[in-house]
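Enquirer: Show me the folded form of this:
(2 chains)
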Amino acid sequence: MNNQALQKVLIIGAGHNDIGREGQHDAAVTQIGSAIRKLGIAVIFVDNNPFSVAAENNFADKVYLEPLTVGSLSKIIADEQPDGLIPSLGGIQRVNLIQGLIRNNVLKNNHVRLLQWDADMIDLIINPALMSNRLKALGQPVIASQVVASQAEADQVISHVGFPVIVKSVAPRIEASRQLCEDEDDLAQALEMGFKVSATKQCIVEQSIVGYKEIEFVGLRDCKGTALLIAGMENFDPVGIHSADSIVFAPTQTITDQEYQQFRQATLKIMRAMRIVGPCHVQFALDPVTQKYYVIKVTPYFDRAMALAARATGYPLAAISASLMVGVSLAEVKLPSNYRKQTALIEPVLDHIVCRIPVWPFNVLKKVSHQLDTVMESTGAVLGIGRSTEEALLKGMRATDESRYHVIANQPQQYSEGELIQRLIHPQAGQMLVLLEALNRGYQIDELAELTKIDAFYFYKLSHIIEIEKALRDHPFDVHALGRAKYFGFTDEDAADAWQTTPDKVSHFALENEIHPTFKEIEPTAGEFTEQTNTYYSTYEYDNESQPLTGKKALVIGSGANRIGTNHGNDYLVSQLLFYLKKADYQPILVNANPNSVAMTPQLAAKRYVEPKQVSDILNVLAIEKPSVIFTTYHDYHLGRKLIDLGFHVIQIDNSLPKEQIKTNDQPAVEVISDGNDVAIFGISEVIAGNNLRTGVHGSVAVFPIQDKAENQAIEALQAEIKQRVLSYGTPGVYTVRLTIVDATLRLATVEPMSLAKMALISKASGSSVTRLLLHVKLGEPLEKVMYDYPDLTKLNKIFVQANTFPYNQLQIFGDEITGEPGHATGTVIAHGATLREALAALNAGNESTDF
Amino acid sequence: MADRYLILEDGSAYLGEGFGSPAVSTGEIVFNTSMTGYQEIITNQIYHNQIIAFTQPTIGSYGINHDSYESILPTVKGVVVRDVASISTNRQRRWSLDQYLKQQNIPGISHIDTRHLAKNLRASGPMKASIVDVADAHAFDQLGATVLTNQQVAAVATPKPFPNPGTGLNVVVVDFGLKHGILRELSKRACNVTVLPYTATTEEIINLDPDGVVLSTGPGKPQDLPDSVLTMIQNIQNRIPLFAIGLGHELFAMANGAQIMKLSPEHHGANHPIREVITNQIIYASQGQGFAVDPDTIDRNKLITTFVDLIDGTIQGLRYRDFPAFSVQFFPDGAPGPTDALDIFDEFVESMQQARGPIW
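Expert: The predicted structure is shown next:
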């Protein structure tokens, strides 16, 4: 590595959220950007995601809201002349982009050093065949595979290795999908899709290892070659189900020390040989019978496994990686004072169990196949943390917001024997219930392990859960039964259901009998050292470690799993609330179980509880912290109501969604803020059809501010009426006042809470956070105090446009369901320009997976 | 399963559930933070007469495997866990942990707040503890009255020599409570090994004409061993390449005038960064140590420090300046734990080859 000191680095963001990109990149950028700035190095950040938290609040020195294309990046690099580029924070798409920058000599001509990786790493990441050869050269076992450019070439491979095979695309322009093909038809379909998304029109056909155990290791290496293991994780589901769609446990639950050390050594060896600086995620397939393993993927850029490793261990992975990226060694890393001096160098060990459970878009997109396979279909994930496998699993399932009782809508008990066996062999989303049902019907554990390729260990745990639940049902208001159930992860609500009573009564009974939750710290040394991560989870044991914070406290209930729909930006709102609560001298406390959430960034909340958000879970946290105010956001209206009914002071950030946003219309809307006594206007927006932008037309584009003089004047005339209507609404907040044209004149139509997307749009357009204003008016401050330094948006000389992105491609949805309604969105992109045409061109650029 | 108690010398009692043997037993309790390898840890003789508390919450999930023993008979006094897993047994794993501990007459106790216990022990250092059925005054009296033996090595080391034949270099292993990993690594390097009791004299060793001598790991306090051991080391180290591990390392240091101190907190895990002084490389290795070499007592004219624990600065390796004799405090063979330090065995083989001269 060149030792010349870095002065300015460029970080390319991940772009809009999507399946596989749930905020973990933005979470990494917020931490890494600020950590690098602390080292005295300037940070330039480019992204086109309006929900990027890193793009606001000074996490970077300068932010460009520009399209993520070679053209636009080339210009930024030429203008800014950074001396280093951090390549690992934008996912696979940005690796493709960097390849473009290298091929066009943009880095060379501007003397920009590629940090973290040798230049050939880019090609290894993009071309799995190259990676496979490299791994082979390192003596690592890899699966037999062959690059093909035609069906005929693929058929030749089949004649050698036979079915089943896996087909994946070379240099895919979207997150690589791996297709399992059992026959000719599957193969033809997979090749067609694979060639289509491949930049080189090639696919890889490889031998299938479906049914093996899937193991994921995350290591960390510095420029001096010191490398350590951050976490070893194990998929509950076997190879064949995309690891993001699989339940994952940290630490590994069923592998021996010999196997574990073999994977640790392989991970570190690969990282050293490829000279990777920063974290690296290596996926392995392990044949449970022969103990033979294969390396199936090497991911040196930030991904969900790294996010999970960091959350599970409490190891400050992003902050430490930031130092490594700019050439600081692990031994020299300086950490915030709440960590021990040597924490960067200690291999994390856990004394708790973490379970990550995926959530699905299938409640919204009904026609999608619910079959779980090698293509990722989950939109998000949650964590369950406990002191036993059972507790972690039950808490994780609860955190998906679909308790076991709720999901029984799936009704596996109505399956015929044949159906049940089919479901066991070909798992679908919500498979846990099928497994429980099979156990209930008396299937033997070893038989189930054989059918499902899930380790028998987990079936023992599931039958233990069934056993505990049965004991609970059989012993109403029995202290021992309740104590045991809670010890293994059941809640007041579960017991209430079993005892046919109310959670309230169970809660009283538990308190009377001194069954209290205890909170334990998530820290990387298993109690060997004192660390202060300020992150806790609940369990039912002897010792409670969480002491209430002192001072003015606000509890913010996080958004939980990333979901499809208009709430995909909710995590941005929660993060902003935490940030500005801290600025307002509150001690913000977060309850959240989403490992990929930006809100989990350590510097945002003063304290974090990684907990599900059933009422009893929240009450447990409230009993300790006793905050003066609780915030709930879009997803948690009912939870907020319940807490209000219980007498808590809750500020609910608006619940209702702007229904009209679905319609494509070109009528303007006025964006306003009110403190209850007065109203201020941000500006006027409109929604235009996205039809003329691309083929596969759907969705709509929000434009802010509109530039039509006549309309502006007409709205000016309506000001008094707008204010009156908003004030009649009563509560302080941010609102969208929709207008309609009646008899060729503009009239007021509806007033509704401003959407998250609109809040982000105005924040990005103004360069100043709308959430900050919203928070302060909600806390009862008057507008003149809140708005005094807010930029005057009538002076904006740019037009901002924003549109949703949809996961239809990844979910392989064709036909009727492609409607482009906000309820299907997984992400949003923003762009700007001097004219509307320019802004729309920028919006369209570089978003292959965006269907406008 | 039956309610049982873990009681500690400081008067604390933890209610849990018994597994393994229903016996009442007493030993010194230590906590181990390793993420994997419970079988290796339980069967490691360094834990003779000790009760091991695992901080990793799920223990027993892959049963007992025939190739993961670190000794033939475990002599730990108890196993303390948060959760013990049920498993299916098969050809690969014949016994569950529960069955195995029953066979070996070792009690286990689960459902313990092992995190609290670890924090408690971190502050207090190891204590006497018992696994009992009733935590009454009598039980605490019994615990208080129990005197633990300091003759651990004599209890676990082989009383008679035995061979572990190979076709390569001729190695004598002096057994203080040998960990099988050492034999495994020597076997991989084709060494022809003779294991001798720790009472072996210089003459007995020399008579076997070894190319190298290994001083093995073992339990207890090095000062409790007879001085004859130190004399043997002094006689051997300048004649034959010597490699000492764990307790062997402590004895090697003592034989060269250094003093051994009680280490608090102890090291029982596999996650400390250890710096190799000469290369500045950082490695990770399995540790199980209650004692350490006092750095102020090292004769720098004789010994140089080769490895240092970066957490507390304890000496993790020494080398004799003038002779091919060296030692490490940690377990370079892993089992369980990282394999970063396996090349130390290669280094030992090289030093034996060099000492033998050009024939090799």
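Enquirer: count of neighbours near the residue in the stretch 551-700 of chain A that chain B sits nearest to?
Expert: Among all residues of the stretch 551-700 of chain A, A:V610 sits closest to chain B, at 15.8 Å; criterion: CB to the nearest CB. For the C-beta atoms, the positions are set from N, CA and C on the backbone; glycine is no exception. Other residues lying near A:V610 total 27 when counted by other CB atoms under 10 Å in any protein chain shown.
Enquirer: With the one 4 residues further on instead?
Expert: For A:Q614, the tally of surrounding residues (other CB under 10 Å) stands at 20.
Enquirer: is it true that it touches A:T491?
Expert: Yes - applying CB atoms under 8 Å, one finds A:Q614 in contact with A:T491, separated by 5.8 Å.
Enquirer: Quick check: neighbours shared by those two?
Expert: The contact sets of A:Q614 and A:T491 overlap at A:R398 (CB atoms under 8 Å, 6 or more residues apart in numbering or on different chains).
Enquirer: contacting residues for residue 235?
Expert: As the question left the chain open, I've gone with chain A. Residues near A:N235 by CB under 8 Å, 6+ apart: A:213-216, A:241, A:243, A:246-249.
Enquirer: hm, I was asking about chain B
Expert: B:T202.
Enquirer: measure it to B:A325 for me?
Expert: Distance of B:N235 to B:A325, given as CB to CB, to the nearest Å: 12 Å.
Enquirer: Domain ranges for the chain, per the record?
Expert: This is for chain A. Chain A breaks down into these domains under automatic domain parsing: A:8-115, A:144-207, A:213-350, A:358-515, A:541-652, A:660-844.
Enquirer: look at chain B instead
Expert: Using automatic domain parsing, the domain ranges for chain B come out as B:3-148, B:153-356.
Enquirer: The residue in the stretch 101-250 of chain A that chain B sits nearest to: neighbouring residues, count only.
Expert: Nearest to chain B in the stretch 101-250 of chain A, going by CB to the nearest CB, is A:T226, at a distance of 4.5 Å. The tally of other residues near A:T226 (other CB under 10 Å) stands at 22.
Enquirer: surely it meets A:E332?
Expert: No - between A:T226 and A:E332 there is no contact, the gap being 10.3 Å when judged by CB under 8 Å.
Enquirer: who wins for most neighbours among the contacts of A:N235?
Expert: A:E216 (29 neighbours).
Enquirer: Tell me the gap between the helix or strand in which it is found and the middle of its chain.
Expert: In this assignment (DSSP states H and E), A:E216 forms part of strand A:213-221. Computed by CA atoms, centre = their mean, to the nearest Å, the chain-centroid distance of strand A:213-221 equals 19 Å.
Enquirer: Partner strands of that strand and their direction?
Expert: Sheet pairing here is set by DSSP bridges, and for strand A:213-221 it gives strand A:227-235 (antiparallel), strand A:278-286 (antiparallel).
Enquirer: got CSV for these, with mean pLDDT and distance to B:T217 too?
Expert: Output for those, formatted as CSV (pLDDT from 0 to 100; distance: least, CB to CB, whole Å):
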stretch, mean pLDDT, distance to B:T217
strand A:227-235, 98, 24
strand A:278-286, 97, 30
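Enquirer: Next, the contact list for A:S208, please.
Expert: A:163-166, A:180, A:240.
Enquirer: returning to what we had before: extract the C-alpha trace of the strand holding A:E216 and format it as PDB.
Expert: Written as PDB, here are the backbone C-alpha positions of strand A:213-221 (Å, rounded to 0.1, in the frame of the first residue of the first chain):
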ATOM      1  CA  LYS A 213     -25.000 -27.200   5.600                       C
ATOM      2  CA  GLU A 214     -24.500 -23.600   4.800                       C
ATOM      3  CA  ILE A 215     -22.000 -21.800   7.000                       C
ATOM      4  CA  GLU A 216     -21.000 -18.100   6.900                       C
ATOM      5  CA  PHE A 217     -17.800 -16.700   8.400                       C
ATOM      6  CA  VAL A 218     -16.900 -13.000   8.600                       C
ATOM      7  CA  GLY A 219     -13.300 -12.100   9.100                       C
ATOM      8  CA  LEU A 220     -11.400  -8.800   9.300                       C
ATOM      9  CA  ARG A 221      -7.900  -8.000   8.000                       C
END
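Enquirer: For burial, what's the neighbour tally of whatever residue of the stretch 151-300 of chain A ends up closest to chain B?
Expert: In the stretch 151-300 of chain A, the residue that lies nearest chain B is A:D257 (3.5 Å; CB to the nearest CB). A:D257: 25 surrounding residues under other CB under 10 Å.
Enquirer: Next one, pLDDT for it please.
Expert: pLDDT for A:D257: 96.
Enquirer: and if you look at the one 4 residues further on?
Expert: pLDDT recorded at A:Q261 is 97.
Enquirer: Work out for me the element it sits within.
Expert: Going by DSSP H and E, A:Q261 is in helix A:257-273.
Enquirer: Pull the residues that contact that helix.
Expert: Contacts for helix A:257-273 (CB under 8 Å, 6+ apart): A:135, A:138, A:140, A:215, A:217-219, A:221, A:225, A:227-229, A:232, A:252, A:255, A:276, A:280, A:282, A:284, A:286, A:291, A:293, A:295, A:298, A:300, B:34-37, B:39-40, B:67-68, B:334-340.
Enquirer: Now, of those, which are buried?
Expert: The neighbour-count test (16 or more other CB atoms under 10 Å in any protein chain shown) marks A:135, A:140, A:215, A:217-219, A:221, A:225, A:227-229, A:232, A:252, A:255, A:276, A:280, A:282, A:284, A:286, A:293, A:295, A:298, A:300, B:34-37, B:39-40, B:68, B:334-340 as buried among those.
Enquirer: the bottom helix or strand of the chain by mean pLDDT?
Expert: Just going to use chain A. Least confident element among the helices and strands of chain A, by mean pLDDT, DSSP states H and E: helix A:404-407 (a mean of 46).
Enquirer: ah, no, chain B please
Expert: When each helix and strand of chain B is scored by mean pLDDT, DSSP H and E, strand B:93-95 comes last, with a mean of 84.
Enquirer: Would you mark the buried spots in that strand?
Expert: B:93, B:95.
Enquirer: again, but for stretch B:69-89
Expert: For stretch B:69-89, a neighbour-count test (16+ other CB under 10 Å) marks B:69-71, B:74-88 as buried.
Enquirer: so which of the residues you listed also contact chain A?
Expert: B:82-83, B:85-88 (CB under 8 Å from any CB of the partner chain).
Enquirer: how close does the residue lying closest to A:F519 once chain neighbours are set aside sit to A:L796?
Expert: Nearest non-adjacent residue to A:F519, counting by CB to CB, 6 or more residues apart in numbering or on different chains: A:S546, 3.6 Å away. Separation of A:S546 from A:L796 (CB to CB) stands at 46 Å.
Enquirer: Same drill for the two, tell me which one is more crowded.
Expert: Neighbour count, other CB under 10 Å: between A:S546 and A:L796, A:S546 has more, with 20 against 17.
Enquirer: which SSE is that one in?
Expert: Using DSSP H and E, no element contains A:S546; it sits outside every helix and strand.
Enquirer: Thought A:N534 was touching it, still the case?
Expert: No - if you go by CB under 8 Å, A:S546 and A:N534 don't touch, sitting 9.3 Å apart.
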